[in-house]
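**Student:** Okay, sequence plus prediction incoming.
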Amino acid sequence: MKYGTLTLGQVEAVMNKLGGMEGVEKFLRGEVEVRVTKHLINCSADPLIPNNWTVEEHQKGGEFEWNPDSLTLYLSEEQKQKWVTGRTLREELKGKPVLNACVLDYLLAHPEIIPKEWKGKAVFFWGTIYRDSGGYLSVCYLCWSGDRWDWDRSWLGEDWGAAGPALLLASSPACRQGGQVVLSGPDSLISESGPFSSLDSH
């Protein structure tokens, strides 16, 4: 069999997607066309904001077509060895192609496209930094909670270990993602030179 790794359950799932035996027969006769769905994420939109939180920093990036092969899970050398503080990691990620919370929001709405290999990790979206109701700067992450994908956050004053990679674009030509940072608050600026400008962590 050419596709010997397929299970009967997978074969049945494909048949169900095609509409059962009638759909399969139509497909084989060329009467049905299968189209690959593209997942386009608007990284210039405003992210979802939890209750009583504010957006401290948001790196906008235009439209992004979801493709796990174009991404990488980044760990600093300190993370690989032991851990690093969020404040230090924030500086290390300056200028790197981090993805923002718009991608996190989209993945939570479409969990079927999340790579299974991410289970057991806390995948961080450093392109958006929030200030929570207690005044602490936080970064949200995607995680597997045992029966579903969910989100949580870590404060910048906490330690990041090897299980907390940052989600980055792997290709350097697109690393700036538009290069715009939108900040909120009385001392905010809009910068074209990259994320992580002169904001201080709580």
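**Tutor:** It's in. Numbers count the residues shown, from 1 in each chain.
**Student:** Any idea what S138 is bridged to?
**Tutor:** Judged by DSSP bridges, the bridge partners of S138 are Y130, W155.
**Student:** Would you report the backbone torsion angles of L89?
**Tutor:** phi -70, psi -40 (degrees, to the nearest 10).
**Student:** residue contacts, it?
**Tutor:** Neighbour list for L89: 76, 79, 126, 160, 166 [criterion: CB atoms under 8 Å, 6 or more residues apart in numbering]. Bear in mind the C-beta positions are built from the backbone N, C-alpha and C, glycine included.
**Student:** Could you check how far it is from P115?
**Tutor:** 22 Å (CB to CB, to the nearest Å).
**Student:** now T5
**Tutor:** From T5 across to P115, the span is 18 Å (CB to CB).
**Student:** quick revisit: now the contacts of L89 as TSV including pLDDT and neighbour count?
**Tutor:** Listed next are these as TSV, based on pLDDT from 0 to 100; neighbours: other CB atoms under 10 Å:
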residue	pLDDT	neighbour count
S76	93	17
Q79	92	21
W126	97	26
W160	92	25
A166	96	26
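**Student:** quick one: contacts for E78?
**Tutor:** 84, 88.
**Student:** do F125 as well
**Tutor:** 98-101, 103-104, 139-142, 166-167.
**Student:** Please repeat the previous calculation with a cut-off of 7 Å.
**Tutor:** Residues in contact with F125 (CB atoms under 7 Å, 6 or more residues apart in numbering) are 99-101, 103-104, 139-141, 167.
**Student:** pLDDT weak spots in the protein?
**Tutor:** Low-confidence segments of the chain (pLDDT under 70): 1-4, 36, 171-202.
**Student:** quick one, strands of it?
**Tutor:** In the chain, the strands defined using DSSP state E lie at 40-42, 54-60, 63-65, 71-74, 84-85, 123-124, 128-131, 137-144, 149-155, 159-160, 166-169, 180-183, 190-191.
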